[in-house]
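K.L.:
Let me see the structure of the following:
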Amino acid sequence: SDIGQDPPQRGDRRNDSQRQDNRRDDRRNNDRGNYNRNNQDRNGNRNDNRYNQDRRAPRYDNNRRDHNRETRHDRARSLEEERREESFRRRRQAGPEKYWDFQAPRNIHLGSEPDVPKKELSPLLEFQRSVEIQNLRGIFARDVQKTLGVGVGDSFNRWLFEQLSIPSSQIPKDQESDPVLRCMDQVAESQVLRREILSNLPASLYISWGQRNKPFKIVEVLRTYCSSALSWLKQLTKDQPNESSEKIRNVVEEIEENISKNSRDVPYLQSLLKKVKDEIQPYFQLEFAEEVTQICDRLTQAAKEVVRGLNKYKNSEDVTRPHRVHVHVTGSTCNLKLVEGPPEDEKELDSLNITAFHLGKVRELYQVNSGDIDPEMVKFHGILYCLVRRYATFFGEKGATFHAAAPHLVFERMNKDFEVCHENFASPFNAYFRNFNSAFPDTDTYFGSQGSFFDYDIVEGSFETGPPYTEEVMTHMAIQLEKLLGNSTRPLSFIIFVPDWIDPPAENIVILNKSEYKKSDFVVQGGAHSYVKGDQHLVSQEDRFFVLPFATHVYFLQNEAGAKKWPVTESRVEAIKRSLEERLS
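P.N.:
Have a look, this model is predicted:
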């Protein structure tokens, strides 16, 4: 009852919520009391008719038993959801959360210091790089469309990501390179582009993780694919049909017929998808392999021309012409403008936005890591523009989706239980600690980057490892982890976060599962945990988090000394799992 209490103020949600919680607790207590009174006599003996039935003639009601089991399961699930909601509400009421910790003690020891000098950056060169790489994206997309009549999907971004996993030691000193287009000779033989383009022939079979069990989406993709396949077969065999093309045509027509008969049967529809991949795709991939190779060669040559042009521009007088970066904060948005010319007649070259929240974060990182060389922060605005423009150029429109991050609650727990103090794959926008490895040492070193993970000579420490979700980078990561753990006798520990891609199993999953250094692992199912968006610096605080649609596999890899210093116990593993399952979106 609320009698005798001050009336709640209108709009006071905390009072309303607290009163609802109290009433819910009262009802539960009353229900428990009624059950106990109804099922015990005055001496406390149990008085349950079902319990006191003649045991020699038990009656089993399978329907009731199944119903009770489902009810218990639903009740447990409901209580778990309620617990998560309550935890989420308490955190919201507690005030601002701690999204990073730049003062955490470090325990890292390296075999050799990272070679990441703080070189002079040029906003004009960074802008020119963005123009050239955007043009390169367009050249590639038009070439694929003209030659094959299909889109490029994520192939260009995956090609860029693959270059970042090549150690600097493997790039010849005399080879022209660029921070984004690092090693054209090595990627000329890359299978990434070929695989990605070929997987779209004659149409894409990709279904996002959130829709892979939805029959209408599978049906839509299958019908589109079959329609395109029949059209392509008609063009390929208009002059001379052959036995193999007729066989493929029969398979396609059979699948089309079966789609309509079983349009709601998800397992059956998924079996049709597998049949397409196993029996139809290889035919088109073989037919167009030569054209795809030629496309890849043309892209490599065009990229080399871009690198030569950028290196020439870097040494020209154009890069030194007068320019400025203006930074304006309006509400929750920070705008960066690159302008050239005299102040009275400025010409805008580029305009970018980040959140004011992340402006504050990278400013703090800059002060922590570069305050000694720029105490007055005279160079900050120009370096900030180069940082923001670099990631915008690299990610393009969709690349940020490859590099979401574990939320801050997980880092808090890892730091507390395992003294994790360094991230192997991060950026100044999503870093939790003051030092980290990142994709672009030249821009990121001002904010705490210690270079690429693949160039990092680790011999001791406790690390978080969350790579970009591309197969090539994750495979190289797994191989590198095995090498580091095998080479060090000092305490070394890695907590790794990767997607649980098991159908078929990704190569990195195979390596990590077989690792002799694996101390524990667990999987959190899709839809049951939140991540931070890869482009979090562009969205509001309320939109930073999203529910990951696919499962995440977490591994604990340690050498013998690391296992002694940071023991992987059941309670510690469970604590990290709970922190990952906290509701944030």
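K.L.:
Quick check: which ranges of the stretch 151-300 of the chain have low pLDDT?
P.N.:
Counting by pLDDT under 70, the ranges of the stretch 151-300 of the chain that qualify are 239.
K.L.:
same deal with the chain?
P.N.:
1-97, 239, 398-402, 585.
K.L.:
next one: phi and psi at the nearest residue to Phe161 once chain neighbours are set aside?
P.N.:
Counting by Cβ to Cβ, 6 or more residues apart in numbering, Thr470 is the residue found nearest to Phe161 once chain neighbours are left out, at 4.7 Å. Yep, even glycine has a C-beta here, placed from its N, CA and C like the rest. Reported as degrees, to the nearest 10, the phi and psi values for Thr470 are phi -130, psi 140.
K.L.:
residues touching Leu164, list them.
P.N.:
Shown in contact with Leu164 (Cβ atoms under 8 Å, 6 or more residues apart in numbering): Arg182, Ala439, Ser452, Phe454, Val473.
K.L.:
Top of these by number of neighbours, please.
P.N.:
In terms of neighbours by other Cβ atoms under 10 Å, these top out with Ala439 at 27 neighbours.
K.L.:
which stretches of the stretch 301-450 of the chain form strands?
P.N.:
Under the criterion DSSP state E, counting those that start in this stretch, strands of the stretch 301-450 of the chain are mapped to 323-330, 333-340, 347-355, 422-426, 436-438.
K.L.:
what packs against the last one?
P.N.:
Put plainly, it is strand 436-438. strand 422-426 (3 or more Cβ pairs under 8 Å, 6 or more residues apart in numbering; DSSP states H and E).
K.L.:
Mind listing residues that contact the strand it packs on?
P.N.:
With contact meaning Cβ under 8 Å, 6+ apart, strand 422-426 is reached by 106, 108, 403, 405, 431-433, 435-438, 453, 456, 461-468, 477, 494.
K.L.:
Helices along the stretch 401-550 of the chain, start to end?
P.N.:
408-418, 441-444, 471-487, 507-514 (DSSP state H, counting those that start in this stretch).
K.L.:
who's in contact with the shortest one?
P.N.:
So the one you mean is helix 441-444. For helix 441-444, using Cβ under 8 Å, 6+ apart, the contacting residues are 114, 116, 119, 121, 179, 383, 386-387, 390, 427-428, 438, 449-452.
K.L.:
Check the offset of that helix from the chain's centre.
P.N.:
Relative to its chain's centre, helix 441-444 lies at 21 Å (Cα atoms, centre = their mean, to the nearest Å).
K.L.:
Stretch 174-194: how far from the chain's middle?
P.N.:
For stretch 174-194 - counting by Cα atoms, centre = their mean - the centre lies 24 Å from the chain centre.
K.L.:
ok, now stretch 349-366?
P.N.:
On the basis of Cα atoms, centre = their mean, stretch 349-366 sits 21 Å off its chain's mean C-alpha point.
K.L.:
tell me which residues in that stretch are buried?
P.N.:
Residues of stretch 349-366 classed as buried: 349-350, 352, 354-359, 361-362, 365-366 (neighbour count, 16 or more other Cβ atoms under 10 Å).
K.L.:
Tell me the one of those residues nearest Ser169?
P.N.:
For the buried residues of stretch 349-366, the residue nearest Ser169 by Cβ to Cβ is Leu365; the value is 27.8 Å.
K.L.:
List the contacts of the closest one.
P.N.:
Each residue near Leu365 by Cβ under 8 Å, 6+ apart is listed here: Phe102, Pro428, Ala431, Arg434, Phe447, Gly448.
K.L.:
Go again with 7 Å.
P.N.:
With contacts defined as Cβ atoms under 7 Å, 6 or more residues apart in numbering, the neighbours of Leu365 are Phe102, Pro428, Arg434, Phe447, Gly448.
K.L.:
Leu484 now?
P.N.:
Ile458, Leu492.
K.L.:
Relative to Leu233, how far out is it?
P.N.:
Per Cβ to Cβ, to the nearest Å, Leu484 is found 50 Å from Leu233.
K.L.:
now the helices: where do they sit in the stretch 101-250 of the chain?
P.N.:
123-148, 155-164, 184-187, 191-198, 215-236, 243-261.
K.L.:
Tell me which of these sits nearest to Ile373.
P.N.:
Using Cβ to Cβ, the nearest of these to Ile373 is helix 123-148, at 18.2 Å.
K.L.:
Between helix 191-198 and that closest one, find me the angle.
P.N.:
Per axes from the mean of the first three to the mean of the last three Cα atoms, to 10 degrees, the angle that helix 123-148 makes with helix 191-198 is 50 degrees.
K.L.:
Point out the other elements, helices or strands, that helix 123-148 touches.
P.N.:
When contacts are defined as 3 or more Cβ pairs under 7 Å, 6 or more residues apart in numbering; DSSP states H and E, helix 123-148 packs onto helix 289-314, strand 323-330, helix 380-395.
K.L.:
would you turn these into a markdown table with distance to Glu132 and mean neighbour count?
P.N.:
Below are the helices and strands packed on helix 123-148 laid out as a markdown table (distance: least, Cβ to Cβ, whole Å; neighbours: other Cβ atoms under 10 Å):
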| stretch | distance to Glu132 | mean neighbour count |
| --- | --- | --- |
| helix 289-314 | 5 | 16 |
| strand 323-330 | 18 | 14 |
| helix 380-395 | 9 | 22 |
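K.L.:
okay if I get those as JSON lines plus distance to Lys518?
P.N.:
Listed next are the helices and strands packed on helix 123-148 as JSON lines, based on distance: least, Cβ to Cβ, whole Å:
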{"stretch": "helix 289-314", "distance to Lys518": "36"}
{"stretch": "strand 323-330", "distance to Lys518": "46"}
{"stretch": "helix 380-395", "distance to Lys518": "32"}
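K.L.:
Mind checking the ones you listed for the one nearest to Thr147?
P.N.:
The nearest among those, by Cβ to Cβ, is helix 289-314 at 5.5 Å.
K.L.:
chain center to that closest one, what's the gap?
P.N.:
Centroid separation for helix 289-314 versus its chain: 28 Å, with Cα atoms, centre = their mean.
K.L.:
Report the angle between it and helix 191-198.
P.N.:
Here the directions of helix 289-314 and helix 191-198 differ by 130 degrees (the same axes, to 10 degrees).
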